[in-house]
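>>> based on what follows, work out the 3D shape:
(one chain, ligands or ions: 1)
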Amino acid sequence: MKFFIDTANIEQIQEVNDLGLLDGVTTNPSLIAKEKKGFRELIEEICGIVDGPVSAEVIAQDCDGMLKEARHVAGWADNIVIKIPMCPEGMKAVKTLTAEGIRTNVTLIFSLPQALIACKAGASFISPFIGRIDDIGYDGMELVGDCVDMINEFCFDSEVISASVRHVQHVVQAIQLGSHIATVPYAPLLKLFKHPLTDIGNSNFLKDWENAGLGDIL
Ligand code: E4P
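Predicted coordinates:
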């Protein structure tokens with residue numbers, strides 16, 4: 001499973017990229033708005049850091065407007081993926097962009113029929129929103145599993161991005177369910193390295209070494 005980071009913050013992207021963990025980045029209008037920088041400046045900077053797909057979302061709500069924005073934004077860097085919201089106009093745009101060789105990520109997917117429609121339109125990526133489904137009392141991970149099964153069953157080329165990830169357990173389940181990608185915010189992404197038994201084990205190893213008077217290795 002690939003790891004994307006779900007942020008537009010340059011410092012966070014740089015830090016996680018330096019760990020060798022980053023396969024791509026997802027942004028959305030809310031994440032871009034937080035950074036107080038121009039959209040193009042930010043996306044170009046991110047694309048310069050990360051060797052992998054970088055999702056940038058359109059804001060037009062009609063097909064023609066989406067296509068104009070998408071073609072413009074796609075020209076900023078080779079690794080840009082255009083994020084399109086799930087809606088009829090959006091799916092028309094995905095079909096056209098796919099035919100033009102522009103990769104798309106259909107966002108705001110909350111049901112299996114929406115996922116199927118996005119795959120049929122030719123989306124390169126589909127993004128079921130786990131946390132937001134959990135928030136309203138349903139099981140977001142169930143949708144991820146259903147999307148993976150559907151893609152395998154019908155042999156679509158689309159990849160599932162488990163999105164709206166809130167904690168480590170979401171990532172564990174995404175791995176178990178065969179999600180192609182999980183896009184994870186900075187804080188839970190760093191928590192993936194941690195386990196209390198790792199910390200205890202490491203500190204005990206060092207204590208035993210020191211107590212035995214073994215000294216430095218070099
Ligand atoms: C995905 O691409 C979205 O940017 C993101 O995962 C939304 O997550 P949220 O529900 O935490 O805003």
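
>>> tell me the contacts of the nearest residue to Glu44 once chain neighbours are set aside?
Take Glu44 and drop its neighbours on the chain: the residue closest to it by CB to CB, 6 or more residues apart in numbering is Trp76, 5.5 Å away. All C-beta atoms are positioned from the backbone trio N, CA, C, and that covers glycine. Each residue near Trp76 by CB atoms under 8 Å, 6 or more residues apart in numbering is listed here: 40, 43-44, 47, 56.

>>> just those residues: which are in helices?
40, 43-44, 47 (DSSP state H).

>>> please pick the buried ones from those.
Those of those that meet the buried threshold are 43, 47, by 16 or more other CB atoms under 10 Å.

>>> now the ones in helices among the contacts of Trp76 in JSON lines, with distance to Gln12?
Listed next are those as JSON lines, based on distance: CB to CB, whole Å:
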{"residue": "Arg40", "distance to Gln12": "20"}
{"residue": "Ile43", "distance to Gln12": "15"}
{"residue": "Glu44", "distance to Gln12": "17"}
{"residue": "Cys47", "distance to Gln12": "15"}
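
>>> which parts of this protein sit against the ligand?
6, 26, 28, 107, 127, 129, 131-132, 163-164, 183 (CB under 6 Å from any ligand atom).

>>> so Glu44 makes contact with Ala77?
Yes. Counting by CB atoms under 8 Å, Glu44 does reach Ala77; the two are 6.2 Å apart.

>>> beta-bridge partners for the residue nearest to the spatial centre of the chain, please?
Nearest to the mean C-alpha position of the chain, counting by CA atoms, centre = their mean, stands Thr183 at 2.7 Å. Residues in a beta bridge with Thr183, per DSSP bridges, are Phe4.

>>> gap between it and Lys92?
Thr183 sits 25 Å away from Lys92, going by CB to CB, to the nearest Å.

>>> now do Met86
To Lys92, Met86 is 12 Å away according to CB to CB.

>>> which of the two has more residues huddled nearby?
Met86 (21 against 17; other CB atoms under 10 Å).

>>> and the more buried one, what does it touch?
Going by CB under 8 Å, 6+ apart, Met86 touches 106-110, 114, 117-118.

>>> part of a strand, is Val81?
Yes. Remark: Val81 belongs to a strand, assigned using DSSP: H, G, I helix; E, B strand; the rest coil.

>>> so what sits opposite it in the bridge?
Beta bridges link Val81 to Ser55, judged by DSSP bridges.

>>> pull the residues that contact stretch 18-37.
Applying CB under 8 Å, 6+ apart, the contact partners of stretch 18-37 are 2-10, 13, 16, 39, 42-43, 46, 50, 52-57, 59, 83, 105, 107, 127, 161, 163, 181, 183, 189.

>>> are any of these buried, and which?
Buried among those by 16+ other CB under 10 Å: 2-9, 13, 16, 39, 42-43, 46, 50, 52-57, 83, 105, 107, 127, 161, 163, 181, 183, 189.

>>> all helices for the protein, in order.
So, for the chain - with DSSP H - the helices run 10-18, 29-34, 39-49, 63-74, 88-99, 112-121, 130-135, 140-154, 168-177, 186-191, 196-211.

>>> can you put these in TSV and add mean pLDDT?
As requested, the helices of the chain are exported to TSV (pLDDT from 0 to 100):
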stretch	mean pLDDT
helix 10-18	98
helix 29-34	98
helix 39-49	98
helix 63-74	98
helix 88-99	98
helix 112-121	98
helix 130-135	98
helix 140-154	98
helix 168-177	98
helix 186-191	97
helix 196-211	98
